[in-house]
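Peer 1: Sequence and predicted structure below; questions after.
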Amino acid sequence: MKKLLLGTAALALSATFATADVVRMATEGAYPPFNFINDAGNVDGFDIAVGNEVCARAQLTCEWVTNEWDSIIPNLVSGNYDTIAAGMSITAERDEVIDFTQAYAPPDPSIYVAMSEDVDLNGGVIAAQTGTIQANHVAESGATLVEFATPDETIAAVKNGEVDAVIADKGFLEPFVTEDAELMFVSDNVMLGGGLGIGVRESDGELKAALDAAIQSMKDDGTLNELIKKWLPASALF
């Protein structure tokens, strides 16, 4: 009860951030189960579920837009939208350019997938999506990194023999391994980043405070863990 009361108090303080303000939230829309376009043509997934609940608790009107991953941070800085909720891990490098809320999910395990168990992960050719923590990990590992603009292209590169393996979030790769008998996990879990955060411009401190308070209230009453269980069942809880 004490935690719930603290969360409620924090939300009351954040309510000064203009009730019913419209916040444009950007996501990639191509990285299930974090974010994707559903059969109805709408954005869906864990990031969207969290973002909608955060906006509701912060008394903000949430409008979703999609943006390609490689330009998602520059377009936030340029003012094309107000936040990023796109399965984006909190890292020191990104934090130099934008600001982050507190984490709305613990670090999700990354993992390598290939078509053979005999893959040299330290000296082979490894695919990763451009601008991801996985790409940075490969670049530092000694392997040859091949970057692709979309996550689906990384899978295709493994399938057509262009690369030896791909590394990405386990939650993204698991359905491919389950549905394709040629694909297999070839590593243990690799823990990267500081969890998922909502990105905001460094100048938007009031908005960040309102979103932080909403996320904290979701942690305090268990709502956030329930969403993690639903969308990311293999991930750790708060």
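Peer 2: Ah, there it is.

Peer 1: How about residue 67, nearest residue that isn't a chain neighbour?
Peer 2: residue 26 (4.8 Å; Cβ to Cβ, 6 or more residues apart in numbering). C-beta here means a position set from N, CA and C on the backbone, and glycine is covered the same way.

Peer 1: Validate this expectation: that neighbour resides in a strand.
Peer 2: Yes - under DSSP: H, G, I helix; E, B strand; the rest coil, residue 26 falls within a strand.

Peer 1: need the contact list for it.
Peer 2: By Cβ atoms under 8 Å, 6 or more residues apart in numbering, the contact set of residue 26 is 64-67, 72, 75-76, 80-81, 83-86.

Peer 1: How about residue 146?
Peer 2: Counting by Cβ under 8 Å, 6+ apart, residue 146 touches 125, 126, 127, 128, 157, 162, 163.

Peer 1: and this structure, what are its domains?
Peer 2: Here the domain parsing of the chain from automatic domain parsing is 2-106+193-231, 110-185.

Peer 1: could you give me the average pLDDT of the shortest one?
Peer 2: Going back to what we said before, that points to domain 110-185. Domain 110-185 carries an average pLDDT of 97.

Peer 1: end to end, how far does it reach?
Peer 2: With Cα to Cα, to the nearest Å as the measure, domain 110-185 spans 11 Å from end to end.

Peer 1: next one: stretch 107-117
Peer 2: Using Cα to Cα, the end-to-end distance of stretch 107-117 comes out at 26 Å.

Peer 1: One more: stretch 41-50?
Peer 2: Here the two ends of stretch 41-50 are set 19 Å apart, with distance taken as Cα to Cα.

Peer 1: Give me the PyMOL select line for the contacts of residue 146, limited to the buried ones.
Peer 2: Selection of buried members from those for PyMOL, criterion 16 or more other Cβ atoms under 10 Å:
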select buried, resi 125+126+127+128+157+163
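
Peer 1: Among the contacts of residue 146, which are located in strands?
Peer 2: For the contacts of residue 146, the ones inside strands are 125, 126, 127, 128, with DSSP state E as the criterion.

Peer 1: The last one bridge partners, please.
Peer 2: Right, the one you point to is residue 128. residue 147 (DSSP bridges).

Peer 1: I'd guessed it sits against residue 155; true?
Peer 2: No - assessed by Cβ atoms under 8 Å, residue 128 is found out of contact with residue 155, at 11.4 Å.

Peer 1: which neighbours do those two share?
Peer 2: What both residue 128 and residue 155 touch, as defined by Cβ under 8 Å, 6+ apart, is the set residue 166.

Peer 1: before we move on, back to that, just put the ones in strands among the contacts of residue 146 in TSV and tack on distance to residue 176.
Peer 2: Below are those laid out as TSV (distance: Cβ to Cβ, whole Å):
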residue	distance to residue 176
125	19
126	16
127	13
128	15
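
Peer 1: For my notes, please list the domains of the chain in TSV and give distance to residue 238 for each entry.
Peer 2: Conversion of the domains of the chain to TSV gives the following (distance: least, Cβ to Cβ, whole Å):
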stretch	distance to residue 238
domain 2-106+193-231	5
domain 110-185	17
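
Peer 1: Now that we have the contacts of residue 26, which of them are buried?
Peer 2: 64, 67, 72, 76, 81, 83, 84, 85, 86.

Peer 1: Could you pick out the longest helix of the chain?
Peer 2: In terms of residue count, the longest helix belonging to the chain (DSSP state H) is helix 205-220.
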